[in-house]
Each structure stands twice: as structure tokens, then as C-alpha cells.
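# with the input below, show me the fold.
(2 chains)
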Number of protein chains: 2
Amino acid sequence: MRIRSDLERIEAEIDRHLHSPIPFISVVSRYIVGSGGKRLRPLLMVLCARLCGNRSNKDAALSVVFEFVHAASLLHDDVVDHAEVRRNQPAANTVWGNPAVVLVGDFLYSKAINLAVSHNDVHILEVLTRATTLMAEGEVLQLINADNLEVAEEEYLEIITRKTAVLISAACQIGAIFGGGSHQEELALRQYGHHLGIAFQLIDDTLDYTGQVEELGKPIGNDIKEGKATLPLIHTFAHCAHEDRQRLKEIFSADEISPVDFLKVKSIVTGCGGLDYTCQSALKHVGAAKEALEVFPGHPTKALLQDIADFVLCRRT
Amino acid sequence: MRIRSDLERIEAEIDRHLHSPIPFISVVSRYIVGSGGKRLRPLLMVLCARLCGNRSNKDAALSVVFEFVHAASLLHDDVVDHAEVRRNQPAANTVWGNPAVVLVGDFLYSKAINLAVSHNDVHILEVLTRATTLMAEGEVLQLINADNLEVAEEEYLEIITRKTAVLISAACQIGAIFGGGSHQEELALRQYGHHLGIAFQLIDDTLDYTGQVEELGKPIGNDIKEGKATLPLIHTFAHCAHEDRQRLKEIFSADEISPVDFLKVKSIVTGCGGLDYTCQSALKHVGAAKEALEVFPGHPTKALLQDIADFVLCRRT
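Below you'll find the predicted structure:
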């Protein structure tokens, strides 16, 4: 399958660029970057470039940028969320402490932009740094809304657009630019990535209720413990009966959330259709992502991108 | 004086770019960026551009980049060092907590690079992102060497080169590029910035022993409390008598350092010539910085840059 060789090329480039003259940086970087991420962002960049007619073999080298920015944001997220486990291993901050993790995050982020600069295309850099700025704003927005059950759905979509969709969208758009796509193709792939990113995050939100710990690589109920109201809960809170709402408020505002509390929340969210609603919403975004591909003629890579969009709906990790 | 109008233009640009659609980000950003920094880096960029014949009035807009990168690194430093006070006000992390400070740091950093990209010059971006990558590595290097009294002087110079001098040097070099300087002029100003940056940091190191709290804006003895051995102490430890060395080891490895402990360290460091040695070393770097300017003919801006180098030696804040 074509994807396998792409993933191998991406993996080789990631490995090549994880080197730092300071061994400790390489160790922490490899811990986060090497811990079984799906390489979704680099893969999308490479595929979008191919769909737009890319003939350069430097695509994989550029694609590393998106994995590094993603890894940097995971490191800082873990500090912000006091995470204990990620991808079935102790979160980096629990191994090396917050200071090291903040600084290695800075390194990965800086290294990513430095790599992107070496490709010598200001338009690519505009898209990339606009995305990283929006991402940082999204993270702050999420932090401000911590412990707030009454976020409007629209505002929540704004948060996940910035937090998740913007980087995936940028990877797709930059793939188009790198591959020599037309302005129309560039915008189409940016749209594709945007909707794919939203769908990806919404499914992530549902997995926090329905996932299996071993597959997910982190405990379920994590979002609620961290005070993050995601769409299943936001929708439920806005639509459930008065007494359920009171119960949710109590549980959500408590300092500690017990497994029994979590099961109660899960039962209310399921009963009020919060999970169904979120899945339906993700499905719509997957539809919109595929629709964005319509400007492209039939092409094996187009079919792959469609499959990836469908795959997002079924993902369990 | 010419500097005043430059500083006013720089201040106006800083203010203009501190805006974020998320008011909280603007508040935290203004707290750190607006809290009385000297604007040394932007000013150097503007002056170096002028010395190389700059005719564009976008110099101040680009110079903001250096203040934002600097502010981002201060925010992350404060988290790493658990700082309590900076520039005579509570450190940002004590006001808003570590998570917000990490994320607003990310925002400022990202915004800085985004601003730099808008100036459409890949060479400038190469110099800038190489500098930020080295900076991140330098911060990690310093963290790894925390609580280590036996750092070699050479390694210490490597740390402060990365941590402090690299950004000042990049500001000067980028000023040269922006101003249309020759390759030789670019390298000369890069050298100027490098030596100025080292001298700046060495004087900073001495001020941690001899400064006045009100002028410095933070407690003296801070470095020792944070487990940072700087040149005065490193030199002293390598050269003092056996019993002083034992005393330093005991104090430095203790969990808490009392005012009496600090006075003891200060007396050993002063007695062994650690402060004199550091000042002499700073003086040499100021000399090297001024020497680097020799490739330029007489010019009022050259004289200003020479004055700035001298001023670094006398600074008390």
C-alpha cells in the first residue's frame, strides 16, 4: 500500500531531525515524538502534495514540521493539564518535571519552524505561523473556559478549530502549496483539513467516554477530570432535564471526580443523546471534508484522502 | 537624542502588535512586555539597520519580533525557575499560574515569528529561527547544569551564549540584513551583538551579588537560590581555598538559602576575586564588541553602538 512507504519516509525524516547536540533534548524529544503517534499530520501533507502533482522528494522532510509542532503542543498541554499518562506511558512531565518539558517543547517548536524556513517558501511560512499563533490562542481559550459547563457550542467549535483543526488544515494547505497546486486546490485542501480536524477532535471527545483505556493509551474520563467540557457534555448540559443539570454541575465543580461520578456523567450524557449528537456532528464534518475534495478529478490519492476522512469516524485510539 | 524617537517608534509598534482577539492574552502579554523592559534588542536592530544604510520605515515593526521572543522566554523562564518577582512586580506565573504563562509564552513566540514572516525575507527567518532553536537548547543546558558548582567556565560561556547572546546577536545581524548591509557588515554586527550579549549577561551575573533590589526589580541572590552557578561563583569555586570550597558546596546544596548564607557566599566570592574576574571578562567582551565595529567608517550610529557597549558595563538594572 502506498501509505506504508510514505510513513516509512516520514519516520526516517523524523528520526533524522530529532538530533540535538544536547543528548537530554534528544531523549525527551524521542520520548514524545517516538511514542506511537499516528503521523496523521505529516501523512496528510505528503498526500495533499501528491494530489496537487508534487514531484519533489523533499515532501517528507517538510512534513516533519507538523509532527514536531504537534509534539511541542502535546508537551505543553501535559504541563498545563498536569497529565499523568499519555499513549500508555507516563506523561513526559511526570518523568522529567515541568521545567524540562516546557523547554524541550520550546525546542521542538523552534526546530519545526527552523526546518520549515529551510524550504525557502514564505507563503508556506505564513500559513504555518498563522496556524501556530491561532493554536496558542486556542489553548488559552480552552484554559479560560476550564470548569465552564455553559460554553456555547459555537464557542466550543471555535476552540477546537484553533486547538486541533488549524494545524491539520495547515498541513493540508501547505501540502497543496508544496505540490504546486492552484489557489483553488490550496483552498479546497485547507477546507478538507479544517473539517477533518474538527471531526477528529469530536471523535476524540466521544472516546473520552467510550474508549478502552488500553487502546486510548490514557484513562477515560480525562477531560472531565481536567475540567474540560467537550461537546458531548456541552450539548447534554444545554438540553437535559433540570435535575440532571444540577447533578452535572455538582460533579463537575467538585475537586475530585470518582469513578462512580464519571459513570453517572456518562449515563446522563448518553441518555440525553450527547454522544449521538457529537457523532452526528463529526459525521457532518467528514461529509464536508469529502465534499471539499470534489474539485479534484478521480485520483488514487483523492480516494485515500476520502478513506482517511471515513477512518477518522471509526478510530478508537 | 536620536534614540528617544527610535524608542517611541518601537513602543508604538509593540503596542500595536500586542493585540489578540482573546483579551486575556493581551492582558498577560502587556503585563510582561509592558513592564519596563529596556527594549535593548529592538533598539539594537533599528540602530544596526541604520548603520548599514537602512531607508525603510518598517524597521521598528520588525524590531518588535525581538522584544516578543525575549518576553516569551522570560515567561517560560519564570515558570522554570518558579520566580516570584520580576521587574519590581509579581512574576506573571504567581499572578496567573503556570498554565496560562506557558501558553501566553507560546502565543508571544508564535506571534513574533509570524510578524517576522510578514517581512518576507527568508534569510532573516533563517537567522531568527536558528537563534530561537539555540536559545531553547541553552535553556535546557542551564537546567541540566542546575545545582552544579563545577561547570567549566567554557561550558558556562556556551550556556550564556545560547541563552542570552544569541538573540542579541541575531537582532544586530538581522538589522544589518534589513538595512541592506554587505555580508562583511552582517558578520561584523553579528559579532558585535555576540560580545555585547555575553558582556550583558556577565554584568547581570555580578548584579545578582551587588545590585540594589529596587533598581534590579528582583531580589539579589536569586541565581544562587535557583541553583544557578554563574561566572562569579564558578570562578571562585575553581580557585578558592579548600575550606571556602566546602562551605560553598554546603550552602549551594542546601534546600533553603538564608540571607546569612548569601552574605557568606558573597564574601567568599568577593574575597576570591570572582566579581572582579567577571567584570574583567565583561570588559574584554565589550572591547571585542567595539572592535567588531571597526569595519564601519565614522558615523553617528556607530558612536551610539559603541556607547551602548560601554553602557552595558555600567548598568545597574
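
# tally of neighbours for A:L275?
Per other CB atoms under 10 Å in any protein chain shown, the neighbour tally for A:L275 reads 21. Glycine gets a C-beta too; all of them are placed from N, C-alpha and C.

# cool, and the one 5 residues further on?
A:Q280 has 11 neighbours, counted by other CB under 10 Å.

# element containing it, please.
helix A:274-292 (DSSP states H and E).

# I figured A:L43 hits A:S5, correct?
No. A:L43 is not in contact with A:S5 according to CB atoms under 8 Å; the separation is 11.4 Å.

# higher neighbour count, these two?
Taking neighbours as other CB under 10 Å, A:L43 and A:S5 compare with A:L43 leading, 22 against 9.

# near chain B, which residues of chain A?
Residues of chain A found near chain B (CB under 8 Å from any CB of the partner chain) are A:20-22, A:24-25, A:76, A:79-81, A:98-100, A:102-104, A:106-107, A:109-111, A:113-114, A:117-118, A:120, A:122, A:125-126, A:129-130, A:132-133, A:135-137, A:139-141, A:143-144.

# same question for stretch A:212-230: list its buried residues.
The neighbour-count check on stretch A:212-230 (16 or more other CB atoms under 10 Å in any protein chain shown) flags A:216-218, A:220-230 as buried.

# out of these, which one has the weakest pLDDT?
Lowest pLDDT of the buried residues of stretch A:212-230: A:L216, 65.

# wait, what's in contact with the closest residue to chain B within the stretch 201-317 of chain A?
Relative to chain B, the nearest point of the stretch 201-317 of chain A is A:E226 (10.6 Å; CB to the nearest CB). By CB atoms under 8 Å, 6 or more residues apart in numbering or on different chains, A:E226 lies in contact with A:D81, A:H82, A:A146.

# among these, name the ones in helices.
Using DSSP state H, A:D81 are the members of the contacts of A:E226 that sit in helices.

# low pLDDT regions in chain A?
The model of chain A has pLDDT under 70 over residues A:1, A:213-216, A:316-317.

# now do the strands in it.
Using DSSP state E, the strands of chain A run over A:85-86, A:89-90.

# for B:V265, which of these is the nearest?
Nearest to B:V265 among the strands of chain A is strand A:89-90; the distance by CB to CB comes to 37.0 Å.

# how many neighbours does A:L283 have?
Other residues lying near A:L283 total 15 when counted by other CB under 10 Å.

# not counting its neighbours along the chain, what's nearest it?
Nearest non-adjacent residue to A:L283, counting by CB to CB, 6 or more residues apart in numbering or on different chains: A:L313, 6.5 Å away.

# list the contacts of that neighbour.
Neighbouring residues of A:L313 by CB under 8 Å, 6+ apart: A:A199, A:I203, A:C279, A:A282, A:L283, A:V286.

# of those residues - the most surrounded one?
Highest neighbour count within those, by other CB under 10 Å: A:A199, with 28 neighbours.

# was I right about that one contacting A:G287?
No. When contacts are counted by CB under 8 Å, A:A199 is not listed as touching A:G287 (9.1 Å).

# return the members of the residues of chain A next to chain B classed as buried.
Applying 16+ other CB under 10 Å to those, the neighbour count classes A:20, A:22, A:24-25, A:76, A:79-81, A:98-100, A:102-104, A:106-107, A:109-111, A:113-114, A:117-118, A:125-126, A:129-130, A:132-133, A:135-137, A:139-141, A:143 as buried.

# what's the spacing between A:N222 and A:K249?
Using CB to CB, to the nearest Å, we find A:N222 at a distance of 20 Å from A:K249.

# ok, now A:L115?
The spacing between A:L115 and A:K249, counted by CB to CB, is 46 Å.

# ok, the two, which is more surrounded?
Using other CB under 10 Å, the more surrounded residue of A:L115 and A:K249 is A:L115, with 19 against 13.

# residues touching the spatially closest residue to A:L74 that is not a sequence neighbour, list them.
Spatial nearest neighbour of A:L74, chain neighbours left out: A:I32 (6.0 Å); criterion: CB to CB, 6+ apart. The contact partners of A:I32, by CB under 8 Å, 6+ apart, come to A:A71, A:L74, A:L75, A:A92, A:V104, A:L108.

# how far does stretch A:75-82 sit from the chain's center?
14 Å (CA atoms, centre = their mean, to the nearest Å).

# what sits up against it?
Here stretch A:75-82 makes contact (CB under 8 Å, 6+ apart) with A:32, A:83, A:86, A:91-93, A:98, A:101-102, A:104-105, A:108, A:139, A:143, A:226, B:98-99, B:102-103, B:106.

# now with 6 Å, please.
With contact meaning CB atoms under 6 Å, 6 or more residues apart in numbering or on different chains, stretch A:75-82 is reached by A:I32, A:A91, A:A92, A:N93, A:N98, A:V101, A:V102, A:G105, A:E226, B:P99, B:V102.

# how near is the last one to A:G37?
For B:V102, the distance to A:G37 under the criterion CB to CB works out to 21 Å.

# state the distance from the nearest residue to A:F178 once chain neighbours are set aside to chain B.
Once flanking residues are discounted, A:F178 sits nearest to A:A49: 4.7 Å by CB to CB, 6+ apart. As judged by CB to the nearest CB, to the nearest Å, A:A49 and chain B stand 20 Å apart.

# go on, A:C52?
To chain B, A:C52 is 22 Å away according to CB to the nearest CB.

# for that residue, which residues are in contact?
A:C52 touches A:A176, A:G179, A:G180, A:G181, A:E185, counting by CB under 6 Å, 6+ apart.

# closest one of those to A:L207?
A:A176 (29.4 Å).

# hmm, A:C48 and the closest one touching each other?
Yes. The pair A:A176 / A:C48 is scored as a contact, 5.3 Å apart, by CB atoms under 6 Å.

# so which of those two has more stuff around it?
Higher neighbour count among A:A176 and A:C48: A:C48, with 31 against 28, using other CB under 10 Å.

# burial measure for A:I251, as a count.
Using other CB under 10 Å, A:I251 has 18 other residues around it.

# what is the burial count for the closest residue to it other than its chain neighbours?
Once flanking residues are discounted, A:I251 sits nearest to A:D261: 4.7 Å by CB to CB, 6+ apart. The local packing of A:D261 (other CB under 10 Å) involves 18 other residues.
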